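**Student:** any chance you can model this:
(chains A and B)
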Amino acid sequence: MKGISHFSAGVALASCFPQAVEAAAAGHPLYFILGGVCGLLPDTLDFKLLRFFYRHDMEVVPDPNRPDPLLMAQAVAHAIHRAKATGRPVRIKIHTTLAGSGLWHQYRLRFDTVGRRITVAFTGTVTTSRAPAPGQPCPPAEAAVPLDCDVALDYAATNEINIFDGPVFSMEPQADGRVCARFIPWHRQWSHSLTLAAGLGVFAGVCWGGLAGLVAGGAFALHTLVDQMGIMGSNLFPPFTRRRVPGFQVVRSDNGLANFAVVWCSLLLTYWNLARLAPVLDAAPALPKLFLYGAALPFAVVALVSRRLKGRQGTRPGGRRRRRTGRERGTTPPCRT
Amino acid sequence: MTDAPTGGVTAVVLYAVAGALTGCVAGCIPSFHVYTLMGAALLFDGSVLIAHGGAGLVPFSVGLVASWAIVNTMPAVLLSAPDESALFTVLPGQRYFMLRRGHEAVALAGLGAAGALLLLLAALPFAPAVLPKVHAVLSPHYHWMLWTVIAFLLMSEWPKGRTAALAPWDRFAAGGANVLAGLATFALSGLLGFLLFYRPPLPIERASQNLMPVFAGLFAAPWLIFNLIARLDLPRQHPVRSVDVDARALLHGLFAGVLGGAFAAFVPVVSGGVGGLLAGHATSTRDERAFLVSQGASKAMYYAGGLMLLFVPGLAVARGGAAWMIQSVHLPDTADFGQALLALAMGGAVAILLLPFCARTMVALAARVGYRTLSAAAFVTILAMVALTTGWMGLALMAVSTGIGLIPVLFDARRMNCLGVILLPLACNMSGVGAAVAEGLGLMR
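**Tutor:** Predicted coordinates for the structure are as follows:
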């Protein structure tokens, strides 16, 4: 999920404790700040700290003027072959490339597990908000490199690489002879664990009292649990577990409507919690009524309108009708966790 | 204080149109804020705003603010071409402009503003029944909302630096430079804010203008300085008769903009930009057309909606500089609400109708005299306003603020971090720790 979804869920969790609401009304913001900050903390740790210190064995830096898909596909295949040959993990970082001011080359890296090959295709130029930039020249199209061994995946087979920082893959040899391509292996490890949530809760409890511990640990754990609804999953109990537990695949973490639903429902819950403890007696509607009229009905309308507009767009010449699949894996079984 | 306005419908319409026309002119001047105009008018001659015993104050002010909020999205699109140093932060409006589609970008923002004003006009009659209750529930909690907004603002800055072929610590330094610059900007502007609130450098008779030179330095001056030093030929702009936007992008942008603008208008101290940022994150606004629509909608909703809260019967809360200034000379009553609604409709309509004309005039003017000359003229105007209203000390404050305002521009951080100047001291004050922090900083001795 996006940062604001986790943040608002953490704030909503804090509002569920009447003592936190009473303290806030008396001018003490600590519990709500802890809820928001600890709700976002796992991703902050990963994206602003851990990823910079993760070791890479290989780096692929595309030429911004003449990006060559063949060279890039060869580099990824080489990492897989080297891992297979040495029996040790090989970590390969694939960088993004600027196409101009605020413009990025977008390319698609695909692990074709059925055809046993790596394909890299440049798919155009996008802006920093990942919107297609019309009128920009497109680099050479596509290249494929065959693999000498089978590949297993722990995430999507197709990866769109575009803005800011590209992904890292850890190519790890498996006992069954395959090589597993682990997607951004530094992400959702101990930073997204229930173990650390418990530790953080104890730390906050010692520093600011039991309620602070519950809010901090709870918000951190809520982040992990919400992320578990996606595809990648998290390493839930390090040091007792060493790998990410695959997610429940309920929703993709970048789904706009799902993220907005989390934010909106968190806001409704927060308001309800504040209102039921406020001196204004008729300001707190019944919770089912609030969610029915405040969330369920509006979202149903939005979904209907959105589907209708999508359908209309799809009937136009050149309109996009492609639906993103939940999990674009190969047909081979995934890596063992 | 003045009496309640007593003008008839015609007078209200005339004052609103006069305000709207003034707002359109002010909105065309790059980096010129409507609050600066209102503040200067109040400081030197209150009669400009309190015309005819108060009859003109409400409709003129509402027309002025609504039209300025609509038209003022234009200079940011048509007079801020990015040069090659802008690696990551080319805004959609700037990109449209470089693709010769500046008029289209202005039209998209105008569509957003028009939609937001229509929604605002439709919602305001129900406001007296709903908003006072919501305000009563939330008012003891605004302080922590502000703290959580600050926390999210600081935590959500994305590391942008390039890290290819670097060692881990160098990666951290290069990748996180913009994040650290953003934190430094927030801290420095927050310290400046404490200075302004607890030991104002301006003489007491100018104290109400404390923030004006600081805002000019933090936000206006860096942009104008970069405009002056950039050596770019402005691309000729295509005239437009229609805009390329589908209903999905339009509704998405409108929804995001209205949500962000409404949040910022209702919660004290939160600015339209911050509200827009939060709504953009919440609604995943990526489409450039939706972004432009949301920009127009957010600005109109924030400025006009915030001001209208002053006139909602049973609520009457002051949000934004215009409301504070009006409140200082006139206590709103229930009669003002209808006038304000009418003025909002008139002001918005005038601004929307004049927007294409203003855009064409600005493009023609920029082509004739050059955008650097226009930027220089705007810079001189702002310097003159600051010097006239706040004197040498104001200019010194503006210079310090400009230094802070340049940090995010140079390091590709969010310029919004400069809002620490009000966010930090006011959040501390609302939580009751402002005086203790000021004491710790040695500002109370």
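
**Student:** what about the closest residue to chain B within the stretch 51-200 of chain A, how many neighbours?
**Tutor:** Chain B sits closest to residue A:102 of the stretch 51-200 of chain A, with a gap of 3.0 Å, by CB to the nearest CB. C-beta here means a position set from N, CA and C on the backbone, and glycine is covered the same way. The local packing of residue A:102 (other CB atoms under 10 Å in any protein chain shown) involves 23 other residues.

**Student:** so who does the nearest residue to residue B:415 once chain neighbours are set aside touch?
**Tutor:** Distances taken as CB to CB, 6 or more residues apart in numbering or on different chains place residue B:408 nearest to residue B:415, at 4.8 Å, with adjacent residues excluded. Residue B:408 makes contacts with B:181-182, B:185, B:414-415, B:417-418, as judged by CB atoms under 8 Å, 6 or more residues apart in numbering or on different chains.

**Student:** which residue ranges form the strands in the stretch 301-445 of chain B?
**Tutor:** Remark: strands of the stretch 301-445 of chain B are absent; assignment by DSSP state E, counting those that start in this stretch.

**Student:** if I look at the residue nearest the centre of chain B, how far off is chain A?
**Tutor:** The structure's chain B has its C-alpha centroid closest to residue B:272; by CA atoms, centre = their mean the separation is 6.0 Å. Residue B:272 sits 17 Å away from chain A when distances are taken as CB to the nearest CB, to the nearest Å.

**Student:** need the contact list for the nearest residue to that residue once chain neighbours are set aside.
**Tutor:** Spatial nearest neighbour of residue B:272, excluding adjacent residues (CB to CB, 6+ apart): residue B:302 at 3.2 Å. Contact analysis of residue B:302 by CB under 8 Å, 6+ apart lists B:69, B:260-261, B:264-265, B:271-272, B:275, B:320.

**Student:** residue A:164: neighbour count?
**Tutor:** 16.

**Student:** are we agreed that it is in a strand?
**Tutor:** No: assessed with DSSP: H, G, I helix; E, B strand; the rest coil, residue A:164 is coil; it does not lie in a strand.

**Student:** quick one, phi/psi of it?
**Tutor:** phi 50, psi -100 (degrees, to the nearest 10).

**Student:** repeat for residue A:111
**Tutor:** Torsion angles, degrees, to the nearest 10, at residue A:111: phi -90, psi 100.

**Student:** what's the neighbour count on it?
**Tutor:** With other CB under 10 Å as criterion, residue A:111 counts 27.

**Student:** quick one: pLDDT of it?
**Tutor:** The per-residue pLDDT reported for residue A:111 equals 96.

**Student:** returning to that earlier point: for the residue nearest to the centre of chain B, give me the pLDDT.
**Tutor:** Confidence score, pLDDT, at residue B:272: 89.

**Student:** what does the stretch 101-250 of chain B put close to chain A?
**Tutor:** Within the stretch 101-250 of chain B, the positions lying close to chain A (CB under 8 Å from any CB of the partner chain) are B:133-134, B:136-138, B:140-141, B:143-144, B:147-148, B:151-152, B:155-156, B:158-160, B:162-165, B:168, B:171-172, B:175-176, B:179, B:246-248.

**Student:** again, 6 Å this time
**Tutor:** B:133, B:136-137, B:140-141, B:143-144, B:147-148, B:151-152, B:155-156, B:159, B:164, B:168, B:171-172, B:175, B:247-248 (CB under 6 Å from any CB of the partner chain).
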